[in-house]
Each structure stands twice: as C-alpha cells, then as structure tokens.
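[1] Structure for this input, please:
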Amino acid sequence: MENDLTCVVNAIPGFVWSAAPDGSVDFLSQRWCDYTGASLEDACGSGWQTAIHPDDAARLLGDWRSLLKSGQAGQFEARLRRFDGTFRWFLISAVPLHDETGNIVKWYGQNTDIDDRKRAEALLAAEKRLLEMVAGGCPLTAVLEALCELVEDAVSGSYCSVVLVDPTGTRLDHGAAPSLPASFTTSIIGRPVNLDSGPCAMAAYLNQQVIATDLTSETRWESYAWCPMALAHGLKACWSTPISTAAGKVLGAFAIYYDEPRTPTSVHQTLIEQFTNIASIAVERAQNHATLKRSEEFLAEAQHLSSTGSFSWHVATDEITWSEQLYRIFEFDLGVTVTLERISSRVHPEDVPMWHEMIDRARSDGSDVEYEHRLQMPDHSVKYLHVVAHGARGQDGRLEYIGAVQDVTEGRLAEAALDKVRSELAHVARVTSLGALTASIAHEVNQPLSGIMTNASTCLRMLGADPPNVDGARQTAQRTIRDAHRASDVIARLRALFGKEGTTTESVDLNDAAREVTALLSNELQRNRVILRTELGDDLPPVLGDRVQLQQVILNLLLNASEAMSGVDDRPRELAIRTDRDEGDRVRLTVHDTGIGFEPRDVDRLFDAFYTTKRGGMGIGLSVSQSIIENHHGRLWAAPNDGPGATFSFSIPRRAKDVMDAHSLRATETTAVTEVEHVMGNQ
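    Numbering: from 1, shown residues only. Below you'll find the model as predicted:
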C-alpha cells in the first residue's frame, strides 16, 4: 500500500511535499529531487530553500511565514532552480491538515510549473502593448525602442537594434538601438545595402537571416572593416534578421548582439520571428500611414494576406461590426447584419457549448478572450478559427470588445497531415526490417507447415490401413491442428509487427516482448554468426505502452547491432540483450555489441532523421525509435563501449499500477516462454 501511494504521489504532475506544523519540510516527491538534483535528505528541513531564486527568496519565505501564522491555505509564486542551473516559475499551493481539536498537524502542498505560462503571458502582454502603440499612432522610433527593450528583457545579456532601408532601397537608416553605443549605430547609418558592408546590410540585401556567432574569427565584410569596428565596441556576436512585409518587401533588419560568442537556439529563433513580425507591422504601418491612426484600406489588405478579420462588439446592445475579411471567412454576404444568432449558426455543433460559455463569460466580467473553435460551412467543410479580443469600457462605462479572428485551417490541416506522415514513416521503418527477416520468417512458417504435411500423410496411411488405425489417426490429426495453430500464431505476430494498426496502450512485459523479437531474429543472427546472449531481469515490472511499437524499437536495435558486426572477423560477434530495473521506478533494456561502433562526436547525430552510418541505410530507424520511446515518456541513448562496439539503451517508466495479478502474470510469462522455446527447439 505504501509503495502504491508513493507511485501515485510521484505520478502526480508537479512536486508534492509535506511539512510539520512549524513549516519544516519532512517529505518531497521524487519529481522535486529529479528537478533540483538534490537528495531528499538534503532538501528536507529548510534545505529546499537553496533552490529558490535569490530575488524571490525573501518574499517567498515571508509569504510562507505569514501562511504558517495564519493557519490558512494559500498560494504564492516563485522561481526554483533546476539541476542545470536554469530557473523556472512555479505556483506553490499549501493546505493545512487539522486534528479533531482544530490544531494543525501537517501541511501539504504542491508546486506546479507555470514558467511557460508566465513567459507566454509576459510576452503576450508586451506584444499587446506594442501593437496598441502601433494602433494608437505612436511615433515609429518610440515603438522600435520599446521593441528593442522587450527583446533585451526576453533574451538575457543581449543588445538589440533595428535599422531601416531608406526610401530608395539602397542604404541603411537608423531605426532604434537604445542600449548600443551611439558611435556604433552612427557608423552603420548610410552603409549600402549589399553583401559586404555588414550583417544587417547583407540580411536586408538577401532577405534572409545572417548569423555571425563569433566575430573574432569572422572573415565576411572585410572590405568595409565591419568586424573590427564591432569588436572595438565590445561586440562579439551578431544575429541579423530581415524585416519584410507579407509581400516580401524588405523594410530593414532586426539585430541581436552579444559581448560573447553565441549561437541562437530554437527558442531564440521563435522569439526572433515574433519580434521581427511586430517590427514589420510597426515599420510598414508607419511608412504607409504616417498621418492616419487607422486606415481601412490597409487593414483590409493586411487581413486578406493573413486570413485575419477584425470585429467590434458592443455588449450592451449586441451591435457587431465586422471587417470585410471576416465576412469572407464566415462566407456571409457583405453588408448583411451580423448577430450572435447568425454567428452561432456557423459554429460547429460540437463547439456550440464552448462558444456560448465564452459569450457568457465575456458579458459577465469583461475579461480578454482568446480561444479556438470550428465552423461548419453550408457545404459541410470545416474551418478552424483563432479568436483574440480585448474588452474595454468607454466613457459611458459600457463594455466593448475589439478583436481579431484568424483562419488557421491550413495550419491545422498541415499538422494533421504531418501526424499522418509520421505514422507512415514509423510503418516504413518496420517494413524496412522485413527484408532482413525473410529467412527467419520462412523458417518459422516452414516448420509447422512441414509438420502439417507429415502428419496429414501419416493420418491418411493410418486411415487406409486394414483395419484403420483410428486412434493413431486422431492423435495425428490433433498434431496437425497444433501445427496449424503454430503457423497461424507466426503469421499473427508478423501482421501485428508489420501492420498499420493504430497505437494500443496495454500492459507490456518487456521480457516477453524481447523474447518474441529474439525468436523471430534467431535464424538471421545464426546466419550472420552472431552469438546471442540474453540476460533478462527477474521480477521485472510491466510497463504501460504499445507492445508493437516497443518491439519495433527492440527489433531495430538488434538488427543495427547485427549489421555493425557483419564485417568483424578478428573477434567473436557477440550480441547481448538485457533488461533490468532503472532508477526512478523505470525499466531499462540494453543492447550491447562488439561491432565497429561509432565516433563519440557522432553520438548527438545518431538519432537525427535521415542520418545514417550504414551504406544504403535510410536513416529513419533510430529517429523513429527515439520518437516511440519519447512518446512512452522514456529516453533512448547510445554510448561507445570501452572496447569494440557500442551500447544502445532505452528506459521507460513502469505503469503506475499493475492491472494483472501475480498469478496471471506468471501464467502469461510461462505461456510465452513455452511457445518461444518450442519454436526455437524445432529450428
């Protein structure tokens, strides 16, 4: 019972903890230890406080003391350090437990990771402020300086600038650079838009991103001595991205600088895309509408290009105003009176309750709205819409919403198509292995078929005897039925392994799964003179997952190991597969070979799609295997051996609670072992 409770606690998202009435922590779930890298012993008492961000420590501890004093449940937010030194925001909730007399005997709490939400909220709020500045007609310089300051806050240790392309399209103009030295920005102004005068000019000229990770070794732009000038100002890295309109016209360049060599990550690239998009909106609006707060003609064109429509809704009167693009999205006749009832008639029937709930919530509290729903058009086609709206009260105190609706159907359909392609790719990876198993498959099927033919002939002879040997014929017929079942079982296993059935989550005995795959591979391994050694752990707990997908991973690792030893003649070709328990209540499977191995520098590329070290290889096996293991909340990794060969391992969490009792589990295991031993014995 205690073990089950521990499993349940560790399975709860977030960190579960408890503390004594005085606030001294006496329990932390495994997730806390895994996140912080601290042991339970070190974290108990007040040791957990070392994980608090220094800027949050005093406030958090003060809130905790106030909570202890009040004896009431409460919540507060703080940043906690991860084992790699990264800090993330958490929502910390604490609830007291009272005895019969009302005294607190225990505090229980949970820490929930809200870092992504906090970052998204902060970024969304900042973007909203910028867009409001743009919509409000603020000077372009003020908007761009605010954008640069937002970038510098979001990307730690960076300096940001925006340069514009002058009206002739041939030279650079100043945009904004609030944190860079004036002498540096002045030296850039007036440079020609070409390949040689600097990264921003190159980005604007090519209309593509230009990354200079280390200016100390950079050889581009020598003719204009740009790098020495940047280094003289203490800048050693520059990432330049063109600012362009939806039509592809380059308006300028957005640059992030560092005083140390730096390479952008995928997170950086996502932020850069967002920032350049805002910069594009600000610059384009300023250039085309310098004297107007709002231009209906430009808004209509921009909405058409982005499949985005705008609207206003006066809540008290239900008066609704739509842009032309929104009429197109809903496929209403232009100018027809728009009502909530008319809009509801287009909402997908399954999304109508959510839509009404959103309307009721907007009426009641005037909060901002952001949600997605579907439309069902008269021709039964489906559209996906993303809605964002801001509520504000006018001088008369009445609530009005201003919002935008974007048709994101193409993106959603692309995501669905991508999911289908991934599924097809996984199937291709399984079928690719079929060729290597042809001999083993033929042997497994041939054995029972040969038995059927022999038994049938024997049965006929017994029945044709004078007198007929009926008892012997009956026994022979029973053996024929047994062999037929064996052949059917072989075909069923192959159909399951190489078929295109959907994912099935079930309780999987990893030992049984490994035995079935090794039985299928036995002839192939013998033909390649591979010595197979199995070391399957005793009392291995079941895992929760898709049996066929896990067998696909095992099959791929074994085939890769066998192929890695195909050219080895100076030592035994030894292949070991073992299973055992892993830390954190996980189960691990390891495949060890004595093949040619791989270079340590290639370890990070082994699991990349279409990367292969095999002649004629497709480079999808390990990539698909990694995706399968990650979808099982596990990890797949590789390491070169101290001697020849390599070791590939994966570790996945065991299922939270056994659904099979010990008796049925042993019975299943015994049946599987008997079947495999019988098949292998006949080989």
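[2] What segments of the stretch 501-650 of the chain are strands?
    506-508, 531-536, 543-545, 574-582, 586-593, 635-640, 646-653 (DSSP state E, counting those that start in this stretch).
[3] Also the stretch 151-300 of the chain?
    So, for the stretch 151-300 of the chain - with DSSP E, counting those that start in this stretch - the strands run 159-165, 172-176, 210-212, 237-244, 250-258.
[4] between the strands of the stretch 501-650 of the chain, which gets nearest to Arg479?
    strand 531-536 (29.4 Å; C-beta to C-beta). C-beta here means a position set from N, CA and C on the backbone, and glycine is covered the same way.
[5] Distance-wise, check the closest residue to Pro13 other than its chain neighbours relative to Ala176.
    Nearest non-adjacent residue to Pro13, counting by C-beta to C-beta, 6 or more residues apart in numbering: Thr112, 7.2 Å away. To Ala176, Thr112 is 38 Å away according to C-beta to C-beta, to the nearest Å.
[6] Same drill for the two, tell me which one is more crowded.
    Ala176 (25 against 16; other C-beta atoms under 10 Å).
[7] And this protein, what are its domain boundaries?
    2-113, 119-288, 307-406, 498-682 (automatic domain parsing).
[8] Kindly reformat the strands of the stretch 151-300 of the chain as TSV containing mean pLDDT and distance to Asp333.
    Below are those laid out as TSV (pLDDT from 0 to 100; distance: least, C-beta to C-beta, whole Å):
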stretch	mean pLDDT	distance to Asp333
strand 159-165	93	42
strand 172-176	92	43
strand 210-212	95	48
strand 237-244	94	35
strand 250-258	93	36
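[9] Same list (those strands) but as TSV, adding distance to Arg412.
    Formatted as TSV, the strands of the stretch 151-300 of the chain follow (distance: least, C-beta to C-beta, whole Å):
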stretch	distance to Arg412
strand 159-165	33
strand 172-176	35
strand 210-212	31
strand 237-244	26
strand 250-258	29
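[10] To Pro572, which of the ones you listed lies closest?
    strand 210-212 (48.7 Å).
[11] if we can go back for a sec, want to throw the domains of the chain into JSON lines with distance to Gly472?
    Converted to JSON lines, the domains of the chain look like this (distance: least, C-beta to C-beta, whole Å):
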{"stretch": "domain 2-113", "distance to Gly472": "55"}
{"stretch": "domain 119-288", "distance to Gly472": "72"}
{"stretch": "domain 307-406", "distance to Gly472": "65"}
{"stretch": "domain 498-682", "distance to Gly472": "22"}
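[12] Let me see the mean pLDDT of stretch 401-416.
    Stretch 401-416 carries an average pLDDT of 84.
[13] One more: stretch 150-158?
    On average, the pLDDT along stretch 150-158 is 85.
[14] And for stretch 57-65?
    Averaging pLDDT residue by residue across stretch 57-65 gives 90.
[15] quick one: that stretch to chain centroid distance?
    34 Å (C-alpha atoms, centre = their mean, to the nearest Å).
[16] Can you point out the buried residues in that stretch?
    Leu60, Asp63, Trp64 (16 or more other C-beta atoms under 10 Å).
[17] Give me the contacts around that stretch.
    Stretch 57-65 is contacted by residues Gly23, Gln49, Ile52, Gly74, Phe76, Ala78, Ile92, Ala94 when judged by C-beta atoms under 8 Å, 6 or more residues apart in numbering.
[18] any weak-confidence spans in the stretch 151-300 of the chain?
    Along the stretch 151-300 of the chain, the parts satisfying pLDDT under 70 run over 289-300.
[19] Over to the stretch 301-450 of the chain?
    Ranges of the stretch 301-450 of the chain meeting pLDDT under 70: 301-306, 418-450.
[20] quick one: the strands in it?
    Using DSSP E, counting those that start in this stretch, strands in the stretch 301-450 of the chain cover 308-314, 319-322, 369-376, 382-393, 399-407.
[21] Which other helices and strands does the shortest one contact?
    Same thing as strand 319-322. For strand 319-322, the packing partners by 3 or more C-beta pairs under 8 Å, 6 or more residues apart in numbering; DSSP states H and E come out as strand 308-314.
[22] Now do the strand it packs on against strand 399-407: the angle between them, please.
    Per axes from the mean of the first three to the mean of the last three C-alpha atoms, to 10 degrees, the angle that strand 308-314 makes with strand 399-407 is 160 degrees.
[23] What helices and strands are in contact with strand 308-314?
    Using 3+ C-beta pairs under 8 Å, 6+ apart, strand 308-314 is in contact with helix 296-306, strand 319-322, helix 324-330, strand 399-407.
[24] Go through the contacts of stretch 57-65 and say which is closest to Ala513.
    Distances from Ala513 to the contacts of stretch 57-65, taken by C-beta to C-beta, are shortest for Ile92, at 41.0 Å.
[25] how close does that closest one sit to Phe15?
    Applying C-beta to C-beta, the value for Ile92 to Phe15 is 9 Å.
[26] Ok, Lys249 next?
    Lys249 is 50 Å from Phe15, where distance means C-beta to C-beta.
[27] farthest residue from the center of this structure?
    Within the chain, Asp466 marks the point farthest from the mean C-alpha position, 73.9 Å out by C-alpha atoms, centre = their mean.
[28] Where does that residue sit: helix, strand or coil?
    coil (DSSP: H, G, I helix; E, B strand; the rest coil).
[29] for the helix or strand containing the residue nearest to Pro13, the distance to its chain's centre please.
    In this structure, Thr112 sits in strand 104-113 according to DSSP states H and E. Centre-to-centre, strand 104-113 and its host chain are 29 Å apart (C-alpha atoms, centre = their mean).
[30] Contacts only, for the closest residue to Cys33 other than its chain neighbours.
    The shortest distance from Cys33 to any non-neighbouring residue, by C-beta to C-beta, 6+ apart, is to Leu40 (5.9 Å). Applying C-beta under 8 Å, 6+ apart, we find Leu40 in contact with Phe27, Leu28, Cys33.
[31] Quick check: what element follows the helix or strand hosting Leu61 along the chain?
    Using DSSP H and E, Leu61 maps to helix 54-70. Next in sequence after helix 54-70, counting helices and strands by DSSP H and E, comes strand 74-81.
[32] CA atoms only for that following strand, dumped as CSV, please.
    Provided in CSV are the C-alpha atoms of strand 74-81 (Å, rounded to 0.1, in the frame of the first residue of the first chain):
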residue,chain,number,x,y,z
GLY,A,74,-2.7,29.9,0.4
GLN,A,75,-0.7,30.2,-2.8
PHE,A,76,2.3,32.1,-4.0
GLU,A,77,4.7,32.2,-7.0
ALA,A,78,8.5,31.9,-7.1
ARG,A,79,11.3,30.7,-9.3
LEU,A,80,13.0,27.4,-8.5
ARG,A,81,16.5,26.3,-9.7
